[in-house]
Structures are given as structure tokens and as C-alpha cells.
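> following is a predicted model, sequence given first.
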Amino acid sequence: MLGQKEKLFALLGHPVKHSLSPLMHNDQFKRFNLPYYYHAFDVAPKDLKDAVNGMKALGFSGFNVTVPHKVEVMKYIDEIEEDAEKIGAVNTVVYEEGKWVGCNTDGIGYVASLVAETGEALKDYRVLMIGAGGAARAVAVGLARYGVKELVITNRTLSKAEDIVHHLPGEGTYRVLDKKEAEKETPTFDVIINTTSIGMSPNLEETPWTVDPLKPNCLCSDLIYNPRMTKWLKEAREKGARVLNGVGMFVGQGSAAFERWTGIKPDTKRMTEVVHSHLK
Ligand code: ATR
């Protein structure tokens with residue numbers, strides 16, 4: 001039986017051994033003197049339903065969901081917020097008024113990390129996003145909600161980019177371009193975002209996009225944070241671009257989840273330090 005003020009939070013994923021979420025959240029709970037605890041559970045896909053029911057039975061107050069459960073978990077919770085529905089995935093679940101409510105903090109978390117770099121200028125920016133998988137969908141919805149001047153999506157499989165654009169909220173200018181067309185426009189983009197796994201092990205020596213030429217002061221953003229600096233970000237930095245790695249998105253999604261659970265804005269600077277200090 002938990003004490004009245006004590007609360008439990010969790011991460012459900014497979015695998016979760018290397019997740020930095022427990023460190024990041026427990027450190028913040030300590031900083032705000034909250035008697036809360038966050039634990040990562042390795043849950044095989046066949047056990048997800050039981051695990052979610054276990055969260056309910058044991059009185060957890062909320063949980064995060066990561067690979068490979070972000071889509072499947074939607075079957076086992078009571079409500080899904082509009083943006084999570086649009087993204088087609090849930091990464092954060094909150095216990096509200098007797099119900100498990102699923103939301104997605106990946107997109108807003110990513111945009112928060114971008115705004116920390118660009119400020120309000122982001123609204124006037126033309127953005128190119130490479131990739132159209134699950135992470136890309138969250139980023140696109142986040143950018144559409146924020147309202148950028150233009151969002152162009154390119155992907156190896158163009159139909160997936162078209163599907164994302166088709167479901168985006170708002171009245172923004174959204175376009176799909178194939179690689180050749182998008183490459184020609186490279187020097188016109190203020191932000192270029194890589195959402196693919198190109199640059200991550202085992203593709204460490206590959207780059208997702210050209211850096212020659214880039215718009216002066218272009219911001220190149222890679223969702224990858226292991227390695228901290230992908231080959232593409234290193235090349236972009238050498239060309240004078242601003243660069244942002246995936247730690248920002250990781251902290252951003254965690255920060256937004258923390259706020260949903262506690263009503264408190266966490267110290268994102270400290271969260272970033274905690275993550276950096278544990279990354280190789
Ligand atoms: P995540 O959840 O991390 O977004 P995902 O949904 O599997 O992962 O999406 C991976 C993205 O990386 C996709 O856009 C994929 O392109 P396709 O839609 O054509 O599959 C892209 N991707 C992965 N490996 C790639 C490669 N070698 N070249 C080009 N694109 C690649």
C-alpha cells in the first residue's frame with residue numbers, strides 16, 4: 001500500500017536496460033522533494049496487456065511507453081488525446097479522473113527543444129524533414145501545431161510522406177518532395193531535420209543529407225543522440241551550420257511528461273546535464 005503522497009511512474013519497453021528516463025525523472029523528483037519513484041520495466045510484446053492492467057491494479061499514477069509498444073498500448077487505455085491519435089502512437093499515459101489517458105509528448109517535446117535554439121523565429125522558418133516513420137510523424141504534428149512557415153517532407157518511400165502531410169492539423173504549407181527535388185532546394189531551408197536511422201549504428205558512416213551548400217546559419221537537427229554527434233552533424237558544423245542532436249527531443253518529451261504527471265515545469269537544463277553525463 002502506497003502512502004497518500006507517494007506516487008509511482010514507469011517506463012514500459014523492450015528492451016529498456018539502457019534507458020536514461022529513470023535517471024532523468026528520479027533526479028527531478030528529488031529536486032522538487034516529491035516522494036515519487038520511476039522504474040523501467042522490460043515488457044515483452046505478449047505481456048503488454050497484462051503489464052498495463054498491472055499498472056492499474058498497483059495504483060501507478062502514469063507511465064511512459066517506448067519501442068515497441070507505442071502503437072499497441074493504444075488498445076489497452078481508456079482515452080487517447082487528439083494529437084496522439086494523429087501521430088498514431090502514445091508515449092505517455094496519465095491517470096486522470098479514474099481513466100488512463102494516452103498522449104504523445106514526442107512532438108511537443110521536440111519543438112520545445114527546437115524553440116530553445118531558434119526562439120520565436122521558428123514561426124518564419126522553412127523546414128525540411130527527412131524521413132516519414134513514427135518519429136517523423138510526431139515531429140511533423142508538433143511543427144504543424146506550432147506553426148512553421150513551410151514544412152517539406154522527403155522520404156525514401158514517398159507515399160509515407162504523403163500520408164503524414166495528408167493528416168497534419170492546421171492550415172500550414174506542407175509539401176512532399178522526392179530526394180532530387182528536395183536536394184535542389186537545400187540552400188533555401190532554415191532547418192533540416194533527420195528523423196531516419198541513417199547515422200546510427202550500424203550506419204555510422206552514412207549521412208542522410210548533403211551539407212553542400214546549406215543556407216547560412218541553417219540549423220541541422222538530428223533526432224539521433226547515440227552517437228551524440230552523427231557524421232552528418234559533424235559535417236554540417238564544419239560548414240558553419242548550427243547543430244542540435246537528439247538529446248533535446250529526449251529531454252523535451254520527458255519534460256512534457258513530467259509536467260503532465262506533476263503539474264510542475266521541470267528543470268530541463270538539469271535534465272539535459274543528467275542525460276549528457278550518462279551518454280558515452
Ligand atoms: P522511427 O520510429 O524511429 O521513426 P521507423 O518508423 O521505422 O522508425 O522509420 C524509419 C525512417 O527511416 C523511415 O522514414 C525510413 O524510410 P522508409 O519509410 O522508406 O522505410 C527511413 N530509413 C531507414 N533506413 C533508411 C535508409 N537506409 N535510407 C533511407 N531511409 C531510411
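Ah, there it is. Residues are numbered from 1 along each chain as shown.

> going by C-alpha atoms from here, please, whenever you check contacts or count neighbours.
Will do.

> skip the chain neighbours and tell me the closest residue to the most centrally placed residue in the chain.
Nearest residue to the geometric centre of the chain (CA atoms, centre = their mean): Asp106, 3.1 Å. Sequence neighbours aside, Gln253 is the residue nearest to Asp106 in space, at 4.8 Å (criterion: CA to CA, 6 or more residues apart in numbering).

> the one you found should be in a helix, yeah?
Yes: assessed with DSSP: H, G, I helix; E, B strand; the rest coil, Gln253 lies in a helix.

> need the three-state assignment for Leu233.
helix.

> beta partners of the nearest residue to it once chain neighbours are set aside?
Using CA to CA, 6+ apart and skipping residues adjacent in sequence, the residue nearest Leu233 is Val243, 6.2 Å away. For Val243, the beta-bridge partners are Cys220 (DSSP bridges).

> need the pLDDT of Val243.
Looking at Val243, its pLDDT stands at 97.

> go on, the one 4 residues further on?
Note on Val247: pLDDT of 96.

> okay, stretch 224-237 in PDB with CA atoms only?
As requested, C-alpha coordinates have been extracted for stretch 224-237 and formatted as PDB (Å, rounded to 0.1, in the frame of the first residue of the first chain):
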ATOM      1  CA  ILE A 224      19.800  10.600 -33.000                       C
ATOM      2  CA  TYR A 225      21.700  11.100 -29.700                       C
ATOM      3  CA  ASN A 226      23.800   7.900 -29.700                       C
ATOM      4  CA  PRO A 227      26.300   8.800 -31.100                       C
ATOM      5  CA  ARG A 228      26.000  12.400 -29.700                       C
ATOM      6  CA  MET A 229      27.300  13.800 -32.900                       C
ATOM      7  CA  THR A 230      26.400  11.900 -36.100                       C
ATOM      8  CA  LYS A 231      28.700  12.200 -39.100                       C
ATOM      9  CA  TRP A 232      26.100  14.400 -40.700                       C
ATOM     10  CA  LEU A 233      26.000  16.900 -37.800                       C
ATOM     11  CA  LYS A 234      29.800  17.000 -37.800                       C
ATOM     12  CA  GLU A 235      29.900  17.800 -41.500                       C
ATOM     13  CA  ALA A 236      27.200  20.400 -41.000                       C
ATOM     14  CA  ARG A 237      29.100  22.000 -38.100                       C
END
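
> excluding sequence neighbours, find me the nearest residue to Val93.
Distances taken as CA to CA, 6+ apart put Gly102 closest to Val93, at 4.5 Å, once the chain neighbours are dropped.

> list the residues that contact Trp10.
Actually, residue 10 is Ala. It isn't Trp. 38-41, 60, 62-64 (CA atoms under 8 Å, 6 or more residues apart in numbering).

> and for the residue lying closest to Val274 once chain neighbours are set aside, the neighbour number?
The shortest distance from Val274 to any non-neighbouring residue, by CA to CA, 6+ apart, is to Met24 (6.3 Å). Using other CA atoms under 10 Å, the number of residues around Met24 comes to 22.

> hmm, the residue nearest to Leu233 is touching Glu235, no?
No: contact criterion CA atoms under 8 Å: Val243 and Glu235 do not qualify, at 10.0 Å.

> ok, those two, which is more surrounded?
It is Val243, of Val243 and Glu235, that has more neighbours when counted by other CA under 10 Å, with 21 against 17.

> which residues touch the more buried one?
219-221, 233, 236-237.

> okay, it and Asn194: tell me how far apart.
Val243 sits 11 Å away from Asn194, going by CA to CA, to the nearest Å.

> what do those two both touch?
Common neighbours of Val243 and Asn194 (CA under 8 Å, 6+ apart) are Ser221.

> pLDDT score assigned to Lys280?
Reported pLDDT for Lys280: 71.

> could you do Leu2 as well?
68.

> measure the residue nearest to Leu233 to Ile224 for me?
Val243 is 12 Å from Ile224, by CA to CA.

> one step back: quick one: strands adjacent to the helix or strand harbouring the residue nearest to Val93?
Following DSSP states H and E, one finds Gly102 within strand 99-103. According to DSSP bridges, strand 99-103 forms sheet pairs with strand 79-80 (parallel), strand 92-96 (antiparallel).
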